[in-house]
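Q: Fold the following.
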Amino acid sequence: MSQFYTKKLHAGSEFPKLPITLSNGQTTTLGKPRSGFDWQLVLVYRGKHCPLCTKYLNQLDSHIANLAAINVDVIAVSGDSQAQLTEHQLQLDVQFDIAYGLTLTQMKALGLYISDPRSEQETDHPFAEPGLFVINGEGNIQVVDISNNPFVRPELTALVNGLTWIRSPENNYPVRGMHR
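A: Sure thing, here's the model as predicted:
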């Protein structure tokens, strides 16, 4: 049974700071908001082989202005190679940063489910199943959603509306799900 053990990240825990490479070749750190933002939404997607990921990334782009208005930085990452990301970007119409090269060690550090490709036509490497993390100003996980398949992901309008409510000072909304 130990082969099935994974270490999941918990709400309220510190998000690991992981170095990643952006599509433009620059490096940045997951979990460290950029450009004056104080929160960060990290979206881990399966890779270019997943049409549901392409659709979700394109849908997320329509929410970027609302996320920026509540001071939330957005970054997406997969285990794809730079060449795979470059090819994938032809199908994407997004204004947020996308990174590539998430390693198996990093996937495990994020507590993600990891799958092997069904064939060489799908992809050429093990890949992370979807994960979404919202890291607050203290560097802790405010919202976490980890799935073992591409069919279950947070509905983006509800997520952005919820984050808007959480970020409003008069609501004083704490991290939820703290019992382990």
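Q: what's the closest non-adjacent residue to the residue nearest the centre of the chain?
A: Nearest to the geometric centre of the chain sits Leu43, at 1.5 Å (C-alpha atoms, centre = their mean). Excluding the flanking residues, the one nearest Leu43 by C-beta to C-beta, 6 or more residues apart in numbering is Ala76, at 4.3 Å. Any C-beta I mention is one placed from the backbone N, CA and C, and that applies to glycine too.
Q: The one you found reaches Gly47, doesn't it?
A: No. Contact criterion C-beta atoms under 8 Å: Ala76 and Gly47 do not qualify, at 10.9 Å.
Q: residues touching the residue nearest to Leu43, list them.
A: Listed by C-beta atoms under 8 Å, 6 or more residues apart in numbering, the contact set of Ala76 reads Val42, Leu43, Val44, Tyr45, Leu57, Leu60, Val94, Phe96, Asp97, Ile98, Ala99.
Q: Just confirm the first one contacts Gly31, I think it does.
A: Yes. Using C-beta under 8 Å, Val42 and Gly31 qualify as a contacting pair, with a distance of 6.8 Å.
Q: Who has more neighbours out of these two?
A: Val42 (23 against 18; other C-beta atoms under 10 Å).
Q: That one and Ala11: what is the separation?
A: Val42 sits 14 Å away from Ala11, going by C-beta to C-beta, to the nearest Å.
Q: Next: Ile98.
A: Ile98 is 25 Å from Ala11, by C-beta to C-beta.
Q: With neighbour numbers in mind, choose between those two.
A: Ile98 (22 against 18).
Q: re the thing from before, out of the contacts of Ala76, who has the most neighbours?
A: Busiest of the contacts of Ala76 [other C-beta under 10 Å] is Tyr45, holding 28 neighbours.
Q: List the ones among the contacts of Ala76 that fall in helices.
A: Leu57, Leu60 (DSSP state H).
Q: can you put the contacts of Ala76 in a markdown table and add pLDDT and distance to Asp145?
A: Formatted as a markdown table, these follow (pLDDT from 0 to 100; distance: C-beta to C-beta, whole Å):
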| residue | pLDDT | distance to Asp145 |
| --- | --- | --- |
| Val42 | 98 | 11 |
| Leu43 | 98 | 10 |
| Val44 | 98 | 10 |
| Tyr45 | 96 | 12 |
| Leu57 | 98 | 15 |
| Leu60 | 98 | 13 |
| Val94 | 97 | 19 |
| Phe96 | 96 | 18 |
| Asp97 | 96 | 20 |
| Ile98 | 97 | 19 |
| Ala99 | 97 | 19 |
